[in-house]
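In: Okay, here's the prediction I keep looking at, along with the sequence it came from:
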Amino acid sequence: NAGVMQNPRHLVRRRGQEARLRCSPMKGHSHVYWYRQLPEEGLKFMVYLQKENIIDESGMPKERFSAEFPKEGPSILRIQQVVRGDSAAYFCASSHRFQATRDTDTQYFGPGTRLTVL
Amino acid sequence: KQEVTQIPAALSVPEGENLVLNCSFTDSAIYNLQWFRQDPGKGLTSLLLIQSSQREQTSGRLNASLDKSSGRSTLYIAASQPGDSATYLCAALGPTNDYKLSFGAGTTVTVRA
């Protein structure tokens, strides 16, 4: 069972360009979470998606950032007109969310995409 | 809003010494507390997850305790090895919802051979 996959692993963009980050959840997982790690800081929650639905985008900047998780294919985090402050590591996690169990389920993290904006 | 703090930010010990990493959180109404390991330029590896109803979890040389009332968790690594050198992150789930992890900034550990 392959883990969470993210690509590309490293992405370099010039200011004003678009960045598209992809995340394929673990097999059988239908819940995806995106986190951002700025240099010297902890990971910060950005958005939580289920297939075709955005459940919580409270951690995502209101402008230039968008996320989707279509019925088919990976989840995409899209950053338009990137600025230097967008340089960070972007991590995706997935989970199954067994509602029937007493304990909360675990989020499994991908290797991250490191975005550098020149 | 949940705030998670890890002290110290960095730690250097000789091989064989036991490691004690501290994590504190401001809101004790959490669902669980998780410890991760992050190697430079790599992703996160989950080490231990302690549910809110539990007091500790153990895996090999690792032991994590949870004291919800005081808002603290401690990760113990026994008989440290150079391969334990990494950044250790703790993350609290909750209280507002059961999907949003709040991370500390991490403790960077160096184990000297």
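Out: Yep, it's here.

In: Let me know the pLDDT of residue 49.
Out: No chain in the question, so chain A it is. According to the prediction, A:Leu49 has pLDDT 95.

In: let's do chain B instead
Out: 91.

In: which residues does B:Ala64 bridge with?
Out: B:Gln57, B:Leu75 (DSSP bridges).

In: I'd say it and B:Leu75 touch.
Out: Yes - using Cβ atoms under 8 Å, B:Ala64 is in contact with B:Leu75, at 4.9 Å. From N, CA and C alone the C-beta is placed, and that goes for glycine too.

In: Pull up the overlap in contacts between those two.
Out: Residues touching both B:Ala64 and B:Leu75 (Cβ atoms under 8 Å, 6 or more residues apart in numbering or on different chains): B:Trp35, B:Leu47, B:Leu48.

In: check contacts around B:Ala9.
Out: For B:Ala9, the contacting residues are B:Ala105, B:Gly106, B:Thr107, B:Thr108, by Cβ under 8 Å, 6+ apart.

In: Check the residue lying closest to B:Leu21 once chain neighbours are set aside and give its pLDDT.
Out: Take B:Leu21 and drop its neighbours on the chain: the residue closest to it by Cβ to Cβ, 6 or more residues apart in numbering or on different chains is B:Leu75, 4.3 Å away. Per-residue pLDDT puts B:Leu75 at 97.

In: for B:Thr5, same thing?
Out: For B:Thr5, the model assigns a pLDDT of 96.

In: And for the one 10 residues further on?
Out: At B:Glu15, the predicted lDDT confidence score is 97.

In: For it, list the residues it contacts.
Out: Per Cβ under 8 Å, 6+ apart, neighbours of B:Glu15: B:Ser80, B:Gln81, B:Pro82, B:Val111, B:Arg112, B:Ala113.

In: Out of the contacts of B:Ala9, which comes closest to chain A?
Out: Closest approach to chain A among the contacts of B:Ala9 (Cβ to the nearest Cβ): B:Ala105, at 4.4 Å.

In: Next, A:Gly85: secondary structure please.
Out: Taking DSSP: H, G, I helix; E, B strand; the rest coil as the rule, one finds A:Gly85 in the helix state.

In: show me what contacts it?
Out: Contacts of A:Gly85 by Cβ under 8 Å, 6+ apart are A:Val117.
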